[in-house]
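**Student:** I need the structure of the sequence given here:
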Amino acid sequence: MLAPARASASGVGSMGSRHRALSGKIAASPDTPVKQYMSFKIAIRCFILFAVCHVGTAGAEALDGAEASSGLSAGANSVQVPAPSSRRAADSSTDSSSSSSSTAQSMKGVVDKMLGMVGEDSASWSLGIGVAAGAYPHYPGATQSETVIAPFPFPEYHSDRVDLDRNGLAAKLFQTDRLELDFSMNGAFPVSADDNTLRADMADLELMLEFGPELQITLATWDNATLRFDVPVRGAFEVTTSQLPEYIGWNTDPRLHFEHKIGDWQWEVDFGVLWANQKYQSVFYSVTDADVTATRPLFEAEAGMLAWRLSATVERRIGDWILLGYLRQMDLSGSENRDSALLAQDSYLAGGVAAIWMFTSN
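**Tutor:** From the prediction side, this is the model:
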């Protein structure tokens, strides 16, 4: 559950590489910087969880109100017999339990009804909450890193058209026995130049959103095991509050993906390469005339390989609990922009752990 790392969802799913992750594909979708990837997936989950819970609670309250009204009406035409105090206590306990169960069932009913209205009535979903801890660099090649411990909401959603889990958010566009084409998204939260010595007095790294298709090719399957070749291609956009989103290039990280499930355990391993065009790499590694210092010479980033990556995710389910662990090794020694003063580290290890309690589902 943790995603180059510039401050997954994996989320907590696989904890990610380029983004603030804990998920994905804590997100562990293999990807671009750890810190942002995770943060972005957590933001998505926060929004979904809030929307579902808000609507569900409203529906439950409406239903409870209707039941209360019905009870008053019936009471007007019946005779109530006072109960002994001990019996009242027992009834109170029973009513409390029934009310809790009724509220949960009401929420599920409202959510299922909403999904039916948009043609997703066959979808399965569950809601959880967890806590995660992760360590990641500010961006690929940065010498400074962060360690974060934070709570997060964790929704899971699966239908014929959409998947949301520790691997992130994906819309299914096309699927056969061997091929699947998804529409996926990643993101990266801002990094202040004041917090990073290599980028001191430079422009901040702004909020980044990435969208694009991902082709998954199943190469082989065994008992509870799958070997795939995944090829995501995403356009990146920089988002600020003062202007419209600005296109800042694209990237791809083709990779071999192996997953194996044994009982309550699931293991995933990814190996691949992260490649980006010149515009995208400039965001991290270019140094303009205005940013030149005695230790930061002029540099123009080029398109090409950014890093090799190897990541592993392990998941264990115990009743209503999900335990996740994620590690990602990024090798930037062969990076096309290895000579940039902003790329000061040949490799880094990022990772995280998370514990999630799934409290309701359909």
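**Student:** okay, and for the chain, where does confidence drop off?
**Tutor:** For the chain, the stretches with pLDDT under 70 are 1-122, 166-173.
**Student:** which stretches of it form helices?
**Tutor:** For the chain, applying DSSP state H gives helices covering 34-75, 85-117, 278-285.
**Student:** list the contacts for the closest residue to residue 349 other than its chain neighbours?
**Tutor:** Distance criterion Cβ to Cβ, 6 or more residues apart in numbering; nearest residue to residue 349, sequence neighbours excluded, is residue 329 at 5.4 Å. Using the backbone N, CA and C atoms, a C-beta is placed for each residue, glycine as well. Neighbour list for residue 329: 309, 310, 311, 347, 348, 349 [criterion: Cβ atoms under 8 Å, 6 or more residues apart in numbering].
**Student:** hey, where'd the strands end up in the stretch 251-362 of the chain?
**Tutor:** 255-262, 265-276, 304-318, 321-331, 347-361 (DSSP state E, counting those that start in this stretch).
**Student:** closest to residue 206 out of those?
**Tutor:** Closest to residue 206 of the strands of the stretch 251-362 of the chain is strand 265-276 (Cβ to Cβ; 16.7 Å).
**Student:** which elements pack onto that closest one?
**Tutor:** With contacts defined as 3 or more Cβ pairs under 8 Å, 6 or more residues apart in numbering; DSSP states H and E, the packing partners of strand 265-276 are strand 246-252, strand 255-262, strand 304-318.
**Student:** for residue 188, list each beta-bridge partner.
**Tutor:** residue 208 (DSSP bridges).
**Student:** surely it touches residue 208?
**Tutor:** Yes. Assessed by Cβ atoms under 8 Å, residue 188 is found in contact with residue 208 at 4.0 Å.
**Student:** out of those two, which sits in the busier spot?
**Tutor:** Using other Cβ atoms under 10 Å, the more surrounded residue of residue 188 and residue 208 is residue 188, with 35 against 26.
**Student:** gap between that one and residue 298?
**Tutor:** 25 Å (Cβ to Cβ, to the nearest Å).
**Student:** repeat that for residue 291.
**Tutor:** Taking Cβ to Cβ, one finds residue 291 at 8 Å from residue 298.
**Student:** can I get stretch 142-159 in PDB, CA atoms only?
**Tutor:** Extracted C-alpha coordinates of stretch 142-159, given in PDB (Å, rounded to 0.1, in the frame of the first residue of the first chain):
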ATOM      1  CA  ALA A 142      17.000  14.300  -3.500                       C
ATOM      2  CA  THR A 143      19.300  13.900  -0.500                       C
ATOM      3  CA  GLN A 144      16.500  14.800   2.000                       C
ATOM      4  CA  SER A 145      13.700  12.500   3.000                       C
ATOM      5  CA  GLU A 146      10.700  12.500   5.200                       C
ATOM      6  CA  THR A 147       9.100  10.000   7.600                       C
ATOM      7  CA  VAL A 148       5.400  10.300   8.100                       C
ATOM      8  CA  ILE A 149       2.900   8.600  10.400                       C
ATOM      9  CA  ALA A 150      -0.700   9.400   9.600                       C
ATOM     10  CA  PRO A 151      -4.300   8.000   9.700                       C
ATOM     11  CA  PHE A 152      -6.200   7.600   6.500                       C
ATOM     12  CA  PRO A 153      -9.500   6.400   5.200                       C
ATOM     13  CA  PHE A 154      -9.400   3.300   3.000                       C
ATOM     14  CA  PRO A 155     -12.300   2.500   0.600                       C
ATOM     15  CA  GLU A 156     -12.300  -0.500  -1.700                       C
ATOM     16  CA  TYR A 157     -14.600  -0.600  -4.700                       C
ATOM     17  CA  HIS A 158     -14.800  -3.100  -7.500                       C
ATOM     18  CA  SER A 159     -17.200  -3.200 -10.500                       C
END
